[in-house]
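J.: Just the structure for this:
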Amino acid sequence: SLKVPDAAKAALKSPSKNLGKPAPPLQKQSSTNSLVGSRAAMRSRTKLASVSQSRLRRESGRDDGGEDDWEQKDPVRPADQLQLTEDELKQEFTRILNANNPHAPHNIVRFSFKEREYKQTATVEQAVFTFSLDGNLLPLDSDEGRRQKAKRKSTLRQGSRASIQDPGLVELKVPGATATTSTGTGDDDDIAVAPEKKALRNQFNFSERASQTFNQTSKERAAQTEPPPRAAFGATATQWAIYDAYVADQARQAALKDKKAVSKKETTRDKVSDYSETHDRGDDSSPWAAAGKVVTLTDAKKLERMVNQNTFDEVLQDLFYWEDPSDEFKPGQGSLLPLWRMVSEAARKRTVTALSWCPQYFDLFAVGYGSYDYLRPTAGLVAVFSLKNPSFPEFEFETPAGVMCLDFHPKQSDLLVIGLYDGTVAVHRLRYGGGTGKPLYASSPKSGQHTDPVWQVRWRVGDDDKSYSFCSVSSDSRVVQWTIVKNELQHTDMAALQSDAANTGAVEASVFTKAAGTCMAFCPQNAGQFLVGTEDGAIRLCSTAYGSKYLNSYLGHGMAVYNVAWNAFHPRVFVSCGADWTIRLWDSASTTAVFSFDLGSPVGDVAWAPFSSCVFAAVTTSGQVHVFDLQQNKHEPMCVQSVAKKGHFTHLAFNSKLPLIIVGDDRGAVHNLKLSPNLRKNLKDKKVPSAEAQIAALDKILDSVKDLPE
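T.: Below is the predicted model of the structure:
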């Protein structure tokens, strides 16, 4: 039972008047008055609810005189509502709702420190937090929870004591309670506290724990051994110091050979110590002089290669191991990776006129320097570079005239034949005296020397021919075979080139019967046949058996032919390039070109790839490299790349084992370029096609273009 005073009844009847005022103290009343007060409060609440419902009906205009508000009524239709049929009303429209925020921005840009550029954010946060509140729950088993629980009990105990001491309070009966508070003035032992309501436990079982690991003590182990015997030597290993060591070693060897003149030995010893600028002249106690007595020329070369390989370690890693991953996403296209740019100091402002790889050592190649500017002829230079030492050439010597062509011997790689601008052909041995520039054999006017520049030289190697012989072609219309006999060169005219005007029979044409040869190439499968390109654009197929007549003539170029090259696999197919901006693919059985490609500028050189019968490359004077693969694209090159910003490309050559080509320009530089995987699929595959498969693949391409005669 609840005892309510009269003041409380008045507060229930008029709550608005007593709002905000403190409640009066409770008074002791009888049980009858408390029951009457409860009924009056219930009647006031019922009346307030009925008044509120009537007001709501009046405001909504639905005062229907006490009808049931929950009764279903006909909806009120607006006058402009669209009238739909039953089928249209039954039609269902599906609308997909998503949780994306329409106000979320989609163009957020953030700076990427990894790529060093601004990049657009791929994902946008769609969640919107409307309310967030940090909780303050504590576990009951924790120390703080026990302290608060004890504090709460003490507070309730003090409050119960104060209520007993105050006579104005009434006795309350709590439903479900087993103990009540006693009135009057008694001892504290008579007080009974009502049981507390059990607090809800944390449903998430929250706990916060921390631990600290034990830091292990650091240990240090050391072992001591006897140091190996060594000699102290300190110096800066620079490239010019290594070069000076070469010069010193050559001077030392020359001093040892001259045993007769003692004074010359002392002078030579002074020169040995002269290469070190940090020590006085003639000081044999210098570290470089002491090292020169121990380190030989061969050891110095190895040391120089080690220094260069450490310097260009990343480039070597790219050459042997790196593959362009972008080729997987662009089929039918390839690229060239620039590796080195090799330049000799003596070759500045000279044009690269010839390139040739060594057949025995795949990392060695020779470069010939001269000039195509006939008004300003320069002296020639031959430099032999190695991929193991990109900074300096292995051999280097000058020639009295510009070098126009050169070629390595296919079996004896230390023999190098060169053709000069003044018509001289010379044979050099690189192993002995290669750096002096003195040839082993050289032509002379008495031995049948050419009267015009020699544009091409090629070694000839036969099965039965044990002698060394090579052929040359010149602008004087002669194709000459040179044979090394004992200590001299003997010549034999293989063919005399003539123009087509000589066959017309006209009197005026008798003066202009000679045709200037510009290039030549021997058939790899038939050493008795060779091609000769001329300045008038014609290509002649000749035989070594007789030179009075041509086996065939191929007329297609409108200007001078710069180079012809036989296919390494197919015995009938060859390619040519010229000053008329075109590359033409020929079949020796037909006088018409099978393919013709216009590159937009004069084509300086063209070469077949050694690993595929369908891949060839060409360079133009505009500074571009074009790589073709007829098996993938018969109409356009797979790669057109500008390697150098300035300069015109003159020649190129494929490496026999590595996916590498070298390109020379008119500034004396040689560029090393690596082929991407799409440009060398035969090398990329584990099973390399056989020669028969290579020939069949090229025949299939030729048959698709035109029917070839038998």
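
J.: only C-alpha atoms for contact and neighbour calcs from this point on.
T.: Noted.

J.: What sits closest to the spatially most central residue of the chain if chain neighbours are left out?
T.: The chain has Asp324 as the residue nearest its centroid, 5.7 Å off, counting by C-alpha atoms, centre = their mean. Of all residues not flanking Asp324 in the chain, Ser676 sits nearest, at 6.0 Å (C-alpha to C-alpha, 6 or more residues apart in numbering).

J.: quick one: the one you found from Leu658, how far?
T.: Look at Ser676 and Leu658: by C-alpha to C-alpha, to the nearest Å, they are 12 Å apart.

J.: Pick out whichever of those two has more residues nearby.
T.: Ser676 (23 against 16; other C-alpha atoms under 10 Å).

J.: Just list the residues touching that one, thanks.
T.: By C-alpha atoms under 8 Å, 6 or more residues apart in numbering, Ser676 lies in contact with Glu323, Asp324, Asp327, Gly334, Ser335, Leu336, Leu337.

J.: Of these, which pair is most distant in space?
T.: Of all pairs drawn from the contacts of Ser676, the one with the longest distance (C-alpha to C-alpha) is Asp327 and Leu337, at 12.5 Å.

J.: which stretches of the stretch 51-200 of the chain form helices?
T.: Along the stretch 51-200 of the chain, the segments classed as helices by DSSP state H, counting those that start in this stretch run 86-90, 143-165.

J.: of all those helices, which lies closest to Val603?
T.: helix 86-90 (75.3 Å).

J.: Any buried residues in the closest one, and which?
T.: For helix 86-90, the neighbour count (16 or more other C-alpha atoms under 10 Å) marks no residue as buried.

J.: and the one helix or strand Arg458 maps to, what does it pack onto?
T.: Under the criterion of DSSP states H and E, Arg458 resides in strand 454-460. Packed against strand 454-460 by the contact rule (3 or more C-alpha pairs under 8 Å, 6 or more residues apart in numbering; DSSP states H and E) you find strand 403-408, strand 415-420, strand 469-474, strand 517-522.

J.: quick revisit: got the helices of the stretch 51-200 of the chain as JSON lines, with distance to Pro610 and mean pLDDT columns?
T.: Shown next, in JSON lines, are those (distance: least, C-alpha to C-alpha, whole Å; pLDDT from 0 to 100):
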{"stretch": "helix 86-90", "distance to Pro610": "76", "mean pLDDT": "88"}
{"stretch": "helix 143-165", "distance to Pro610": "85", "mean pLDDT": "80"}
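
J.: Can you show me the helices along the stretch 301-450 of the chain?
T.: Counting by DSSP H, counting those that start in this stretch, the stretch 301-450 of the chain has helices at residues 313-320.

J.: low pLDDT regions in it?
T.: 432-436 (pLDDT under 70).

J.: quick one, strands of the stretch 451-600 of the chain?
T.: Chain-ordered strands for the stretch 451-600 of the chain, with DSSP state E, counting those that start in this stretch as the definition, fall at 454-460, 469-474, 478-485, 488-496, 517-522, 529-534, 538-543, 552-555, 561-566, 573-578, 582-587, 595-598.

J.: Next, the buried residues of the longest one.
T.: Going by neighbour count (16+ other C-alpha under 10 Å), the buried part of strand 488-496 is Leu489, Gln490, His491, Met494, Ala495, Ala496.

J.: And those, which is closest to Gln412?
T.: Closest to Gln412, out of all of the buried residues of strand 488-496 and judged by C-alpha to C-alpha, is Leu489, at 17.9 Å.

J.: Test my guess that that closest one contacts Leu440.
T.: No - applying C-alpha atoms under 8 Å as the test, Leu489 and Leu440 come out as separate, 10.1 Å apart.

J.: can you give me the strands for the stretch 301-450 of the chain?
T.: Counting by DSSP E, counting those that start in this stretch, the stretch 301-450 of the chain has these strands, from start to end: 336-343, 351-357, 364-370, 380-386, 395-399, 403-408, 415-420, 425-429, 441-442.

J.: List the pairing partners of the second one within its sheet, with orientation.
T.: I take that to be strand 351-357. strand 364-370 (antiparallel) (DSSP bridges).

J.: hmm, who's touching the strand it pairs with?
T.: So strand 364-370 is in contact with 347, 350-358, 377-387, 401-406, 668, going by C-alpha under 8 Å, 6+ apart.

J.: Which members of those residues are classed as buried?
T.: Buried subset of those (neighbour count, 16+ other C-alpha under 10 Å): 347, 350-358, 378-387, 401-406, 668.

J.: ok, how many other residues are close to Thr650?
T.: Counted with other C-alpha under 10 Å, Thr650 comes out at 26.

J.: Actually, Asp373.
T.: Quick note: Asp373 (other C-alpha under 10 Å) scores 9 neighbours.

J.: Use 149 as the first number for this chain going forward.
T.: Sure, I'll start numbering at 149, so the last one becomes Asp521.

J.: May I have the phi/psi pair for it?
T.: Dihedral pair for Asp521: phi -90, psi 100, per degrees, to the nearest 10.

J.: Identify the residues contacting it.
T.: Neighbours of Asp521 in contact, by C-alpha under 8 Å, 6+ apart: none.

J.: With Arg815 instead?
T.: By C-alpha under 8 Å, 6+ apart, the neighbours of Arg815 are Arg496, Lys497, Arg498, Thr499, Val500, Gly795.

J.: Would you format those as a markdown table with distance to Ser302 included?
T.: Formatted as a markdown table, those follow (distance: C-alpha to C-alpha, whole Å):
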| residue | distance to Ser302 |
| --- | --- |
| Arg496 | 102 |
| Lys497 | 104 |
| Arg498 | 105 |
| Thr499 | 105 |
| Val500 | 104 |
| Gly795 | 98 |
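
J.: From the residues you listed, pick the one nearest Tyr694.
T.: Val500 (34.5 Å).

J.: Is the closest residue to that closest one other than its chain neighbours bridged to anything, and to what?
T.: Spatially, and ignoring its direct neighbours in sequence, Val500 is nearest to Tyr517 (4.7 Å; C-alpha to C-alpha, 6+ apart). For Tyr517, the beta-bridge partners are Val500, Leu529 (DSSP bridges).

J.: just His819 next, same as before
T.: Here His819, judged by DSSP bridges, has bridge partners Arg489, Val811.

J.: separation between it and Ile810?
T.: 6 Å.

J.: of these two, who's got more company?
T.: Set His819 next to Ile810 and count neighbours by other C-alpha under 10 Å: Ile810 wins out with 22 against 19.

J.: Render the CA-only coordinates of stretch 561-574 in CSV, please.
T.: The C-alpha trace of stretch 561-574 is given here as CSV (Å, rounded to 0.1, in the frame of the first residue of the first chain):
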residue,chain,number,x,y,z
SER,A,561,89.1,-15.1,-84.9
ASP,A,562,92.3,-13.1,-84.4
LEU,A,563,92.4,-12.3,-88.2
LEU,A,564,90.6,-9.1,-89.2
VAL,A,565,90.4,-7.9,-92.8
ILE,A,566,89.5,-4.2,-93.4
GLY,A,567,88.7,-2.2,-96.5
LEU,A,568,89.8,1.5,-96.7
TYR,A,569,88.6,4.6,-98.5
ASP,A,570,91.7,4.7,-100.8
GLY,A,571,91.0,1.2,-102.2
THR,A,572,93.4,-0.7,-99.9
VAL,A,573,92.5,-4.0,-98.3
ALA,A,574,94.6,-5.1,-95.3
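
J.: Residues touching that stretch, excluding its own?
T.: 506-508, 528, 549-557, 575-579, 587-592, 597-605, 620, 622.

J.: Give me the buried subset of the residues you listed.
T.: Neighbour-count burial (16+ other C-alpha under 10 Å) applied to the contacts of stretch 561-574 gives 506-507, 528, 549-557, 575-578, 587-591, 597-605, 620, 622.
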